[in-house]
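S.K.: Show me the folded form of this:
(2 chains)
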There are 2 protein chains.
Amino acid sequence: MPRNQQILLDNRPQGEAVAGNFRLVSTDTPALQDGEVLVRHHYLSLDPYMRGRMNDSKSYAACQPLGEVMIGGTVGEVAESRHPAYAVGDAVVGMGGWQEYSVVQGNTAGALRKVDTRHVPLSHYLGAVGMPGVTAWYGLVKIIAPRAGETVVVSAASGAVGSAFAALAKARGCRVVGIAGGPEKCRYAVEELGFDACLDYREHADPKALGQALKVACPAGIDGYFENVGGWIMDAVMARMNAFGRIALCGMIAGYDGKPLPMANPALILISRLKIEGFIVSEHLEVWPEALAELGRLVATGQLHPRETIAQGLAAAPEAFLGLLKGQNLGKQLVRLV
Amino acid sequence: MPRNQQILLDNRPQGEAVAGNFRLVSTDTPALQDGEVLVRHHYLSLDPYMRGRMNDSKSYAACQPLGEVMIGGTVGEVAESRHPAYAVGDAVVGMGGWQEYSVVQGNTAGALRKVDTRHVPLSHYLGAVGMPGVTAWYGLVKIIAPRAGETVVVSAASGAVGSAFAALAKARGCRVVGIAGGPEKCRYAVEELGFDACLDYREHADPKALGQALKVACPAGIDGYFENVGGWIMDAVMARMNAFGRIALCGMIAGYDGKPLPMANPALILISRLKIEGFIVSEHLEVWPEALAELGRLVATGQLHPRETIAQGLAAAPEAFLGLLKGQNLGKQLVRLV
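M.R.: Numbering: from 1, shown residues only, chains lettered A, B, ... in the order given. Next up is the predicted model:
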């Protein structure tokens, strides 16, 4: 019976999240019942949405209960099985949470999915060929729905969502412009991810300056925008949108800490006849097979080769998560648990 | 050759629009060329969108040139015709502007439309069975797209758009709640326009108070919102929207005078997975026949019997227009020119 380290949400953030909000504990993994599967996690996914779950207030998802294992996506292998569909050694993806092992009911729909690691590395099922990739796919394909030749922009461009967005948009013949923090991320976005241009919001540090940079980078205006951040960056992009532009609103990192985050000029929605749509990818399970198939092909054929920032060991998860919220990662942020 | 009084835009507003922005002049109507029609206007329509046109800044429509006749919808009768499709006495609707007569090229598509006044009074072709009615129709049918039993809300409820919206939404089995300024307008909305409830934003004079009133008036939350106003009223409604709610953004009266008009909490778009879409009804000519047919039926059968506020004589137009911007009218604001 292996020992299982876990990280619980101990208390809720007062403003900015801190390491003291989490608590590391150690327990025994329980003996399996019939129909159960014990999964040993190889990687834990860290994602911005987790910050919203830590609040008690109404968020766009259920809040994380205190004293329980933090929610989170995991990939790993079956360590023990009392379910006929799973064998020891199977590679699986699930929502195992911030812990080294999880016990899963094999019959629960969607709880565990076997994956093929011959062409796609296991960890990518938490990123480009997982939830972040499908998030990019849904926003681009279902909300922005670009025509070839249109210009699309994404914030947090070098992250897991942004990198998938770039590959998907290039495959559709779009001009793709990113926004990211710092020259290293911007260089990576252009040189490795295929962005046509990437703007450093630290260099263009207010809506007017970023607007000028967008004007140069998007000479035909902006037809679609995938918003991961919110706040003044969104204000700057909105001012450069073409008539009938579409904005897929997926994240508002800047607002998770409870600071007020107004939209400066919503009249632009009318003036430019924009469509803005908020979404959560887990509410659109019907698109996952199609999206994952395309994302898997892009990775297998080398059109999408995202980087990962990997922290080692469960105890490193809280600091890695806080760094993610501050944009310190490059590409997908993971924790390796083996 | 009748004399023709005209109102020109003389200078642009510095902040709030004033009567001195306009200038009344008198000219001769020109002799007709082949293919032209002289229309004597019976009514001039006054609409909030005209305020946007008065600004020089980028607005959601072309700006009104200085020294030219103010743009505006008109109904009237053919006074003289050198076009075979129009005969003296025909009732017509067009965009004749703020003047008593206009000369129209009979062949220009959409410039002049003959209407039937047997079941629908001529003036209603500027309101319920005209641009404001189609505006309500487009926002409700094409953007909000409500199911029977859903709750929809409209601001500026007692105006030309709001009254048509109520009849169209009731015909689709919705609960319809209005927002208007003052007890008289709210009573009129409920007693004559068929609203299930109407909230006085002067009584509930901040987002929190209006939010509480909306909670009572919309016990099942709000599924669709038709926005004519913007500003804090929109903030209050957004906070009460159900998941997957739709907002048709048609007007931002509160912002026309150049005051900044932020949206307090755009994160709600994500939290409640809202769709917000701005539109201008003149860009969707394909829906006009269907919309006008339904609106004409609703008027002819008495399901929609909107009131009008009528100013007398062209010289009264500027003050009537400024009053419209302040919400002093009840129902459709017109100027009678005969």
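S.K.: A:Ser102 belongs to a strand, doesn't it?
M.R.: Yes: A:Ser102: assigned to a strand according to DSSP: H, G, I helix; E, B strand; the rest coil.
S.K.: Now for it, how many residues are close by?
M.R.: Neighbour count for A:Ser102, taken as other C-beta atoms under 10 Å in any protein chain shown: 22. C-beta coordinates here come from the backbone N, C-alpha and C atoms, glycine included.
S.K.: wait, doesn't it sit right on A:Gly96?
M.R.: Yes: contact criterion C-beta atoms under 8 Å: A:Ser102 and A:Gly96 qualify, at 3.6 Å.
S.K.: what stretches of the stretch 51-200 of chain A score poorly on pLDDT?
M.R.: Within the stretch 51-200 of chain A, the segments meeting pLDDT under 70 span A:57-61.
S.K.: From the recorded domain assignment, give the ranges for chain A.
M.R.: In terms of domains, chain A is parsed into A:3-127+A:307-336, A:131-282 (source: automatic domain parsing).
S.K.: Centroid-nearest residue for chain A?
M.R.: Most central in chain A under C-alpha atoms, centre = their mean is A:Pro132, positioned 3.9 Å from the mean C-alpha point.
S.K.: quick one: which helix or strand includes that one?
M.R.: For A:Pro132, the enclosing helix or strand under DSSP states H and E is helix A:131-137.
S.K.: So for the helix or strand just after that helix, what gets flagged as buried?
M.R.: Sequence-wise, the next helix or strand downstream of helix A:131-137 (DSSP H and E) is strand A:151-155. Across strand A:151-155, burial judged by 16 or more other C-beta atoms under 10 Å in any protein chain shown covers A:151-155.
S.K.: I'd like the domains of chain A laid out as a markdown table, including distance to B:Glu319.
M.R.: Below are those laid out as a markdown table (distance: least, C-beta to C-beta, whole Å):
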| stretch | distance to B:Glu319 |
| --- | --- |
| domain A:3-127+A:307-336 | 46 |
| domain A:131-282 | 26 |
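S.K.: about what we covered before: joint contacts of A:Ser102 and A:Gly96?
M.R.: Shared contacts of A:Ser102 and A:Gly96, defined by C-beta atoms under 8 Å, 6 or more residues apart in numbering or on different chains, comprise A:39, A:41, A:74.
S.K.: which non-adjacent residue is nearest the residue nearest to the centre of chain A?
M.R.: Distance criterion C-beta to C-beta, 6 or more residues apart in numbering or on different chains; nearest residue to A:Pro132, sequence neighbours excluded, is A:Ala160 at 3.6 Å.
S.K.: Give me the distance between that neighbour and chain B.
M.R.: To chain B, A:Ala160 is 18 Å away according to C-beta to the nearest C-beta, to the nearest Å.
S.K.: What separation do you get for that residue and B:Lys326?
M.R.: Separation of A:Ala160 from B:Lys326 (C-beta to C-beta, to the nearest Å): 51 Å.
S.K.: Torsion angles phi and psi at the residue nearest to A:Thr309 when sequence neighbours are not counted?
M.R.: Of all residues not flanking A:Thr309 in the chain, A:Asn329 sits nearest, at 3.9 Å (C-beta to C-beta, 6+ apart). When read as degrees, to the nearest 10, the backbone of A:Asn329 gives phi -90, psi 160.
S.K.: For A:Asn329, grab the count of nearby residues.
M.R.: So A:Asn329, with other C-beta under 10 Å, has 23 neighbours.
S.K.: Same question for A:Ala180.
M.R.: When neighbours are counted by other C-beta under 10 Å, A:Ala180 registers 28.
S.K.: Pretty sure A:Val190 is one of the things it touches, is it not?
M.R.: No: using C-beta under 8 Å, A:Ala180 is not in contact with A:Val190; the gap is 10.0 Å.
S.K.: shared neighbours, the two?
M.R.: Common neighbours of A:Ala180 and A:Val190, counting by C-beta under 8 Å, 6+ apart, are A:Cys198.
S.K.: What ranges does chain A have for its helices?
M.R.: A:49-54, A:131-137, A:160-171, A:183-191, A:207-217, A:232-238, A:267-271, A:288-300, A:317-325 (DSSP state H).
S.K.: hmm, back to that, of the shared contacts of A:Ser102 and A:Gly96, which is the nearest to A:Ser282?
M.R.: Taking C-beta to C-beta as the measure, A:Ser282 lies nearest A:Thr74 of these, at 15.4 Å.
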